[in-house]
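K.L.:
here is my input, please return the structure:
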Amino acid sequence: RANQMEGTLPVEISWLHSLLRINMRESNISGSIPSQFARLNLLRYFQMTRNDLTGTLPPQLAAWTNIVVMGLGRNDMTGVLPPEYARLANLVTWGLERNDFTGSIPWEYGAMTSLKNLALDDNSLTGTIPPE
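P.N.:
Numbering: from 1, shown residues only. The predicted model follows:
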């Protein structure tokens with residue numbers, strides 16, 4: 001692990017309304033992503049790859065309209081991919097690899113024209129890839 005941090009993501013981070021970047025890659029962070037993080041509407045970079053995150057993707061994070069990079073790969077997250085995330089119009093890189101997401105890729109994701117890098121490998125997804 002790159003860091004010696006541990007614990008969960010404190011909901012108090014959501015009070016930092018001017019925050020642009022969160023990078024806690026390889027930090028031994030556990031628990032779920034608080035839905036209150038949706039208040040971070042200026043956030044452009046959220047990197048949580050290689051932690052021990054659990055739970056589902058909070059649909060409320062679709063409020064992150066400025067997000068460009070969201071790295072959540074190599075965690076223990078579960079559930080379905082929320083169709084609301086299709087509203088992330090500025091998202092360019094989205095890493096969801098090596099989790100345990102299930103269900104199909106929402107057809108709404110076909111409208112995510114800014115998305116250039118999408119990693120979904122090593123999940124339990126089914127169905128077809130949505131067309132543009």
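
K.L.:
CA only for contacts and neighbour counts going forward, please
P.N.:
Fine.

K.L.:
low-confidence regions, this protein specifically.
P.N.:
Applying pLDDT under 70 to the chain flags the ranges 1-2.

K.L.:
repeat the analysis, applying 50 as the threshold.
P.N.:
For the chain, the stretches flagged by pLDDT under 50 are 1.

K.L.:
relative to residue 92, how far out is residue 118?
P.N.:
Going from residue 118 to residue 92 by CA to CA, to the nearest Å gives 8 Å.

K.L.:
which residue sits closest to residue 88, ignoring its sequence neighbours?
P.N.:
Spatial nearest neighbour of residue 88, chain neighbours left out: residue 65 (5.2 Å); criterion: CA to CA, 6 or more residues apart in numbering.

K.L.:
which residue of the protein sits farthest from its center?
P.N.:
The C-alpha centroid of the chain is most remote from residue 4, which lies 22.1 Å away (CA atoms, centre = their mean).

K.L.:
I figured that one hits residue 24, correct?
P.N.:
No - between residue 4 and residue 24 there is no contact under CA atoms under 8 Å: 10.7 Å.

K.L.:
need the three-state assignment for residue 37.
P.N.:
helix (DSSP: H, G, I helix; E, B strand; the rest coil).

K.L.:
OK, contacts around it?
P.N.:
Applying CA atoms under 8 Å, 6 or more residues apart in numbering to residue 37 gives the contacts 11, 13-14, 61.

K.L.:
so what's residue 104 bridging to?
P.N.:
Assessed by DSSP bridges, residue 104 has beta-bridge partners residue 126.

K.L.:
next one: residue 94
P.N.:
residue 70, residue 118.

K.L.:
please report how far it lies from residue 7.
P.N.:
24 Å.

K.L.:
cool, residue 47 as well?
P.N.:
16 Å.

K.L.:
ok, residue 106 next?
P.N.:
Distance from residue 106 to residue 7, counting by CA to CA: 32 Å.

K.L.:
and the strands in the chain?
P.N.:
Assigned by DSSP state E, the chain shows strands spanning 7-8, 21-23, 29-31, 45-47, 52-53, 69-71, 78-79, 93-95, 100-104, 117-119, 124-126.
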